[in-house]
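Colleague: Please work out how this folds:
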Amino acid sequence: MITCPKCQHLEIYGALFCSECGASFLSEENAYAPLISQDELSQRKARSQAVPDESMSPHQGSGVARLSLLLLDSNQEIPMAGRTEFTLGRVAEGQSILPDIDLAPYDAYSQGVSRLHAAIKWVDQAVTVVDLDSANGTRVNGQKIAPNVDFPVKPGDVIALGRFKIKVLIG
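Modeller: Here you go, the predicted structure:
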């Protein structure tokens with residue numbers, strides 16, 4: 001376990017931020033970010049910004065609003081169509097299970113996003129988020145949510161994956 005130097009809260013080994021007070025556990029000597037080429041970074045950004053084929057949407061033709069996520073730091077919108085559940089996280093070298101939405105191109109590592117951090121579900125016109133037992137926790141409008149439990153979200157709610165903030169957009 002890691003003890004937060006600011007509030008003394010205990011965190012699991014590997015946490016980048018204190019889930020209680022937000023203090024960073026990163027320092028110059030122990031910070032690590034996997035190296036990727038500029039070409040790979042460009043390809044990842046292009047894939048994450050691609051607009052999904054609307055014909056694949058489970059809500060196509062039903063008159064139901066569309067779900068998307070707004071990345072607050074970069075003001076980029078990620079449409080979520082084609083399925084009812086998406087995992088959020090970041091891709092790292094040697095990872096066998098990949099998230100559906102890779103947040104690595106958006107500086108997710110330094111903001112405390114786990115490789116498989118959370119899942120967003122859209123079922124029966126209700127949207128929920130579930131923390132996938134991430135190292136740095138998930139918050140909805142500042143409220144920490146319990147791991148592995150669906151938590152309802154509404155349009156405009158802000159989801160924080162570690163310190164990485166996303167706004168839920170429906171419409």
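Colleague: Show me where this structure dips below the pLDDT cut-off.
Modeller: By pLDDT under 70, the weakly predicted segments of the chain are 1, 13-14, 26-65.
Colleague: one more time with 50, if that's ok
Modeller: 28-36, 51-63 (pLDDT under 50).
Colleague: Tell me which residue lies nearest the centroid of it.
Modeller: The chain has residue 88 as the residue nearest its centroid, 4.3 Å off, counting by Cα atoms, centre = their mean.
Colleague: where's that residue, which helix or strand?
Modeller: Secondary structure assignment for residue 88, by DSSP states H and E: strand 85-89.
Colleague: Is residue 88 bridged to anything, and to what?
Modeller: Assessed by DSSP bridges, residue 88 has beta-bridge partners residue 101, residue 118.
Colleague: Might you report the residue contacts of it?
Modeller: 99, 100, 101, 103, 113, 117, 118, 119, 120, 161, 166 (Cβ atoms under 8 Å, 6 or more residues apart in numbering). All C-beta spots, glycine's among them, are computed from the backbone N, C-alpha and C.
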